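Participant: Here is a sequence with its predicted model. Questions after.
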Amino acid sequence: MSGGLFALLDDVAALARMAAASVDDVGAAAGRATAKAAGVVIDDTAVTPQYVHGVTAERELPIIKRIAIGSLRNKIVFILPAALLLSQFAPWLLTPILMLGATYLCYEGAEKVFGKLLGHGAHHETAAARGPDAEKQMVAGAIRTDFILSAEIMVIALNEVAAESFWPRLLILLVVAVVITAAVYGVVAGIVKMDDVGLHFTQRSSSFVQRIGRGLVAGMPKLLSFLSVVGTAAMLWVGGHILLVGTDTLGWHGPYSLVHHAEEYVHHVGGVGAVLAWLVNTAASAVIGLAVGALVVGIVSVLPFGKKKESHA
């Protein structure tokens, strides 16, 4: 009887060790998958603050919270099941779907660029603060843009853990979805509320802390404006990069080969080769994104719903 009990305890201990090892494996795999998607995560962090630029201070965190919930819903409810099913039964569809989303991202970026050039950007920014309907539209637009960025993040993560069986793959991607969403929108919330921190510092007794506070209060509007520009650029270079890689995957190797050769040409420059290669790829992706986005903007502008949108703006 005691021998059977000890054998049972040994089995339980072995199962516990296996479970602990599995948790460690999931954590390590989730870390690798998150690292692979780091570039898009940075772009996502840069894109989001533009949606609260010009919004009253008391509405900033509620808006970010709503976008964060929408982002998590994008990843877990829509993207994750679709990506797992497609990777299991129709992996060849992943690239075209990503490219379709990237085209929309390029359209969004190009529309913002042309809006700035034609003087419509300021109108768009101040419209966000006019009421609940405008705020609702803005949040919906942010969640749509997030959908494309989240899709690339999840597909990159999926590719990293493609060798895993179904359930570990599902668990790893769930961890990636939660961790990345918390990180991105935590950082965004910190950025947009930094001026409030600065205001608090200005009321402290230390003159040094007061100077820091005044600097934060004065600098945050400039930082948000800068991030708005970076966010628009990120839409173009992420969208363009997806299209660049996607065309190569689908068999049209010319554009990707041209960019790759340009990267190799500068990669050997001593000390800064890797940075120059990244800049070449980023610039080429942004140009592609702007060109595709401009084409889509032109097409949409001649369509009935496109004309209606322009007249409403």
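Facilitator: Alright, I've got the coordinates.

Participant: rest of the way, CA atoms for contacts and neighbours
Facilitator: Will do.

Participant: Distance from the chain centre to stretch 187-199, please.
Facilitator: Distance of stretch 187-199 from the chain centroid (Cα atoms, centre = their mean, to the nearest Å) equals 20 Å.

Participant: how much space is there between residue 198 and residue 272?
Facilitator: 36 Å (Cα to Cα, to the nearest Å).

Participant: the more surrounded of these two?
Facilitator: Between residue 198 and residue 272, counted using other Cα atoms under 10 Å, the more crowded position is residue 198 (22 against 11).

Participant: Double-check that one against residue 214; I have them as touching.
Facilitator: Yes. With contact defined as Cα atoms under 8 Å, residue 198 reaches residue 214; the gap is 6.2 Å.

Participant: hey, where'd the helices end up in the stretch 101-250 of the chain?
Facilitator: Remark: helices assigned in the stretch 101-250 of the chain by DSSP state H, counting those that start in this stretch are 121-127, 132-160, 166-192, 194-202, 207-249.

Participant: Could I get those helices in a markdown table, plus columns for distance to residue 71 and mean pLDDT?
Facilitator: A markdown table is the format used below for the helices of the stretch 101-250 of the chain (distance: least, Cα to Cα, whole Å; pLDDT from 0 to 100):
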| stretch | distance to residue 71 | mean pLDDT |
| --- | --- | --- |
| helix 121-127 | 22 | 46 |
| helix 132-160 | 6 | 82 |
| helix 166-192 | 7 | 86 |
| helix 194-202 | 23 | 86 |
| helix 207-249 | 16 | 87 |
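
Participant: Of those helices, which is nearest residue 88?
Facilitator: helix 166-192 (8.9 Å; Cα to Cα).

Participant: ok so, going back, residue 113: which of the helices of the stretch 101-250 of the chain is closest?
Facilitator: The nearest among those, by Cα to Cα, is helix 207-249 at 7.5 Å.

Participant: The helix or strand just after that closest one to helix 207-249, inter-axis angle?
Facilitator: Proceeding N to C from helix 207-249, the next assigned helix or strand is helix 254-267, under DSSP states H and E. Orientation check (axes from the mean of the first three to the mean of the last three Cα atoms, to 10 degrees): helix 254-267 against helix 207-249 gives 130 degrees.

Participant: buried set for helix 254-267?
Facilitator: Applying a neighbour-count criterion of 16 or more other Cα atoms under 10 Å, one finds 256, 259, 262, 263, 266, 267 buried in helix 254-267.

Participant: Can you point out the buried residues in stretch 102-120?
Facilitator: Of the residues in stretch 102-120, 102, 103, 104, 105, 106, 107, 108, 109, 110, 111, 112, 113 count as buried by neighbour count, 16+ other Cα under 10 Å.
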